[in-house]
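**Student:** I'd like to go over a predicted model; first the sequence, then the structure.
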Amino acid sequence: MECEGNMSRILITGGAGFIGSHTTLTLLGAGYDVIIVDNLSNSSHKAVDAIGALALRETGKQFTFYEGDVADGAFLRTVFEKNKIDAVIHFAGFKAVGESVAKPAKYYVNNLLTTLTLLNTMKEFGVTGFVFSSSATVYSDPGITQYDESTTRVGRASSPYGTTKVIQEWILEDIAKSGDLLLKVISLRYFNPVGAHSSGEIGESPQGIPNNLTPFITQVAVGKRDFLSVFGDDYPTPDGTCIRDYIHVTDLAEAHYLAVKRLLETNDLPEFDGINIGSGKGYSVFEVIAAFDKAVGKKIPYKVVSRRDGDLAEFTAKTEKAQKLLGFTTKLTIGDMAKDAWNWQSKHPNGFDE
Ligand code: WQD
């Protein structure tokens, strides 16, 4: 893929979201130009302004922002017409596991239509590099606890949200392998993204009650919630609580930079490649709570309650492929994740909703 001049232009769909905003900063810092498309369904103008201010301070650069829906083909075409895009990182999509169970149609229509419309528009403009925001949720529970990329992918995931990720990977893989759009896809399968930019100026700002562990913990720490409910301590793990592979969002952003750089600068990749992005190390819920006790400087109050449906006892990432193909390894620790997540929440008790 040729890039005019030396500034490759990357379209980041959903770039005003948690992982998208951190990836925007990393790409700007690496010298790329960034175009963000986001309908702000899970973000806000305040978030866009905060990302912009931080980008200017940290990198001296600005991104171009378009508010609109990736599923709106006419709108998306204007974005491609106005910007000579060299590659795409696709985050835009709904991602609340619980909501997807209650409203599957909303998730199938939105998450699939955005991707199909994006692919159509990329074909029209001859853009072929595609980094996809995927998830470890595409793997089945194969009775093993550490997944490599050959681990069986499910037909149906544990939630409609997860199933939309599986279906999107199938669509991308079939199109890429057919040579139909000359598409080259790297599908990054995240494990558990956590933390915030070290400045504390951007971070995770879930709408409503947080589904995930660490934003719930920081909301307890900042006094927005009374206590954390620990969903079960009777799992077959050392301390009885579930074990997960947590990865700092700044490390995760670095993985996206390395993936898009690989797509733009080399030609030896297969048309479609799924790559696990995790630390390779697992921490239990109690160990995560202990990390936050230390970061916050006080005990996080919690109560053990019954298990949450669908939770697996343990899964972590095999990380050899990310190291080999992208030269990626995580640098930040669970302590860094707790420190940075708390720094963000303590500075912004209501996230971007202030
Ligand atoms: C982690 C652990 C819970 C909340 C999910 C999605 C996955 C991906 C990452 C998008 C589990 C326990 C949690 C709470 C708790 N998202 N927990 N009390 O379930 O591993 O993965 O987020 O791609 O698709 O499924 O992450 O943070 O929800 O839970 O005890 O209030 O914390 O039981 O063991 P999970 P999580």
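**Tutor:** Done, it's in.
**Student:** neighbours of the residue in the stretch 151-300 of the chain positioned nearest to the ligand, how many?
**Tutor:** Of all residues in the stretch 151-300 of the chain, residue 242 sits closest to the ligand, at 2.9 Å by Cβ to the nearest ligand atom. C-beta here means a position set from N, CA and C on the backbone, and glycine is covered the same way. Residue 242 has 25 neighbours, counted by other Cβ atoms under 10 Å.
**Student:** and if you look at residue 67?
**Tutor:** Counted with other Cβ under 10 Å, residue 67 comes out at 14.
**Student:** what of the one 3 residues further on?
**Tutor:** Other residues near residue 70 number 27, with proximity taken as other Cβ under 10 Å.
**Student:** chain center to stretch 330-342, what's the gap?
**Tutor:** Centre-to-centre, stretch 330-342 and its host chain are 16 Å apart (Cα atoms, centre = their mean, to the nearest Å).
**Student:** how much space separates residue 348 from residue 199?
**Tutor:** According to Cβ to Cβ, to the nearest Å, residue 348 stands 11 Å off from residue 199.
**Student:** so if I had to pick from these two, which one is more boxed in?
**Tutor:** residue 348 (20 against 16).
**Student:** please report how far residue 29 lies from residue 192.
**Tutor:** Between residue 29 and residue 192 the distance is 24 Å, computed by Cβ to Cβ.
**Student:** and these two? Which one has more around it.
**Tutor:** Taking other Cβ under 10 Å, residue 29 and residue 192 do not tie; residue 192 has more neighbours (23 against 15).
**Student:** check the more buried one and give its pLDDT.
**Tutor:** Residue 192 is assigned 98 on the pLDDT scale.
**Student:** contact partners for it?
**Tutor:** If a contact means Cβ atoms under 8 Å, 6 or more residues apart in numbering, then residue 192 has 212-213, 244-247, 278 as its contacts.
**Student:** what about residue 36, is that helix, strand or coil?
**Tutor:** strand (DSSP: H, G, I helix; E, B strand; the rest coil).
**Student:** now the helices for the stretch 101-250 of the chain?
**Tutor:** 104-125, 160-178, 213-221, 249-265 (DSSP state H, counting those that start in this stretch).
**Student:** for the last one, give the mean pLDDT please.
**Tutor:** In other words, helix 249-265. Mean per-residue pLDDT for helix 249-265: 98.
**Student:** for that helix, C-alpha coordinates in PDB please.
**Tutor:** Taking C-alpha atoms only, helix 249-265 is exported to PDB below (Å, rounded to 0.1, in the frame of the first residue of the first chain):
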ATOM      1  CA  VAL A 249      -5.200   0.300  27.800                       C
ATOM      2  CA  THR A 250      -2.000   2.100  26.900                       C
ATOM      3  CA  ASP A 251      -0.300  -1.300  26.100                       C
ATOM      4  CA  LEU A 252      -3.400  -2.200  24.100                       C
ATOM      5  CA  ALA A 253      -3.200   1.100  22.100                       C
ATOM      6  CA  GLU A 254       0.500   0.200  21.300                       C
ATOM      7  CA  ALA A 255      -0.700  -3.100  19.900                       C
ATOM      8  CA  HIS A 256      -3.000  -1.300  17.500                       C
ATOM      9  CA  TYR A 257      -0.100   1.000  16.400                       C
ATOM     10  CA  LEU A 258       2.100  -2.000  15.700                       C
ATOM     11  CA  ALA A 259      -0.700  -3.800  13.800                       C
ATOM     12  CA  VAL A 260      -1.400  -0.900  11.500                       C
ATOM     13  CA  LYS A 261       2.300  -0.200  11.000                       C
ATOM     14  CA  ARG A 262       2.700  -3.900  10.100                       C
ATOM     15  CA  LEU A 263      -0.200  -3.700   7.500                       C
ATOM     16  CA  LEU A 264       1.200  -0.500   5.900                       C
ATOM     17  CA  GLU A 265       4.900  -1.400   5.800                       C
END
